[in-house]
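Colleague: Quick one: sequence and predicted model below, then my questions.
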Amino acid sequence: MYVTAVGVASAFNSSAASVLLRAHDFAVLRSVGMSERDLRRMPALECTRTAAWGLALGLAAALALGAWIGTQGGLTMRSLGLEVPWAHVVGAVALVALALLASCAHALRRLRAAPLIDALRTE
């Protein structure tokens with residue numbers, strides 16, 4: 001349970017920091033006419049892509065490691081009666097999606113709160 005909380009907090013901070021550290025870049029894009037919709041969409045798509053890759057690689061590694069551990073000693077997954085806990089996999093996907101939405105919303109809210117001129121001055 002604690003490992004999950006640390007992982008979610010780490011992912012939340014990483015995605016929020018990646019958006020906030022580029023406040024100057026987003027201010028430049030806003031000043032040359034990028035719409036508010038496109039400004040929200042760009043970091044959201046970046047966070048989604050990163051989360052999807054992490055989720056796919058993590059699930060693949062977990063399934064491969066589980067199969068490898070299960071086959072040690074000449075046993076097979078079926079002879080042991082092991083199955084993939086799909087309900088837990090779906091729960092993990094939902095947790096990743098929730099953390100993604102929360103971190104993007106938090107970062108974009110802080111980004112919009114900063115005045116455009118102040119964001120342009122910082123570098």
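Modeller: Noted; the coordinates are in hand. Numbers count the residues shown, from 1 in each chain.
Colleague: make it CA atoms for all contacts and neighbour counts henceforth
Modeller: Will do.
Colleague: Remind me which helix or strand the residue nearest to the spatial centre of the chain belongs to.
Modeller: Centroid-nearest residue in the chain, with CA atoms, centre = their mean: Ala51, separated by 3.5 Å. In the assignment (DSSP states H and E), Ala51 maps to helix 36-70.
Colleague: Give the rounded mean pLDDT of that helix.
Modeller: When pLDDT is averaged along helix 36-70, the result is 83.
Colleague: centre of the chain versus that helix, how much separation?
Modeller: 7 Å (CA atoms, centre = their mean, to the nearest Å).
Colleague: List the buried residues of that helix.
Modeller: If you call a residue buried by 16 or more other CA atoms under 10 Å, then helix 36-70 has these buried ones: Leu39, Arg40, Pro43, Ala44, Cys47, Thr48, Ala51, Leu55, Gly70.
Colleague: Just read off the phi/psi values of Ser35.
Modeller: phi -70, psi 160 (degrees, to the nearest 10).
Colleague: so how far is Leu63 from it?
Modeller: 42 Å (CA to CA, to the nearest Å).
Colleague: ok, now Trp53?
Modeller: Trp53 is 15 Å from Leu63, by CA to CA.
Colleague: try Val3
Modeller: 19 Å.
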